[in-house]
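[1] test case, fold it:
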Amino acid sequence: MERTIKAKDLFSKRCHCSQAVLASFADELGITEEIALKVGSCFGGGMRKGEVCGACTGALMALGLKYGMSTVGDYENQQVADEYAKKFLNEFSKQNGSYLCRQLLKCNLSNDEERQYAREHGLFTTICPKLIESAVLIAEQLMNES
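    Numbering: from 1, shown residues only. Have a look, this model is predicted:
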């Protein structure tokens, strides 16, 4: 539960959802919070285009750091990471109805008017924190499997 609190706190301080989720795992993954915030910078709001939810991309980055290929040719670990990515996205979609930002928020953040609508209607303060919590809890569960 501590990670969800940290992630939601970072998000409330105007970090992107992707940054908040990845940074909540920084200590376990051997990276600094500063590196996590930098790496996650371009993935919020579905990569600014309403695509894959930033909370998901932050979690996928964390899973990749834990399980992924670390040397060229390490296809065994790449397959492991691929399986965890599938498990994560399937479970996130099952819990939340989708893993696409524009479907989760029911607006397209790549459109200025719709992004303004999301702000004015509190979507970032009501929906996003729940998605961040879901992403952290699912990733945490998957990381504890091994």
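[2] going by C-alpha atoms from here, please, whenever you check contacts or count neighbours.
    Fine.
[3] state the pLDDT value of the residue most central in space within the chain.
    Nearest to the geometric centre of the chain sits residue 55, at 2.3 Å (C-alpha atoms, centre = their mean). The model reports residue 55 with a pLDDT of 98.
[4] so which helix or strand takes in it?
    According to DSSP states H and E, residue 55 maps onto helix 54-67.
[5] quick check: next helix or strand after that helix?
    Next helix or strand after helix 54-67 toward the C-terminus (DSSP H and E): helix 75-96.
[6] which strands and helices sit next to that following helix?
    Applying 3 or more C-alpha pairs under 8 Å, 6 or more residues apart in numbering; DSSP states H and E, one finds that helix 75-96 contacts helix 54-67, helix 128-143.
[7] distance of the residue in the chain sticking out farthest from the centre from residue 67?
    Largest separation from the mean C-alpha position in the chain: residue 73, at 26.8 Å (C-alpha atoms, centre = their mean). To residue 67, residue 73 is 14 Å away according to C-alpha to C-alpha, to the nearest Å.
[8] check residue 36 too.
    17 Å.
[9] more crowded one of the two?
    residue 36 (24 against 21; other C-alpha atoms under 10 Å).
[10] show me the contacts for the residue nearest to the centre of the chain.
    Neighbouring residues of residue 55 by C-alpha atoms under 8 Å, 6 or more residues apart in numbering: 17-18, 20-21, 44, 131-132, 135-136.
[11] for whichever strand or helix holds residue 18, packing partners?
    Assigned by DSSP H and E, residue 18 belongs to helix 17-24. Secondary-structure packing of helix 17-24 (3+ C-alpha pairs under 8 Å, 6+ apart): helix 2-12, helix 33-39, helix 44-45, helix 54-67, helix 128-143.
[12] let me know the next secondary structure element after it.
    Next element after helix 17-24 (DSSP H and E): helix 26-29.
[13] which other residues reach that next one?
    32-33, 36, 62, 65-66.
[14] near residue 63, how many other residues are there?
    Residue 63 has 24 nearby residues by other C-alpha under 10 Å.
[15] what's the spacing between the nearest residue to residue 40 once chain neighbours are set aside and residue 34?
    Distances taken as C-alpha to C-alpha, 6 or more residues apart in numbering place residue 19 nearest to residue 40, at 4.3 Å, with adjacent residues excluded. According to C-alpha to C-alpha, residue 19 and residue 34 sit 10 Å apart.
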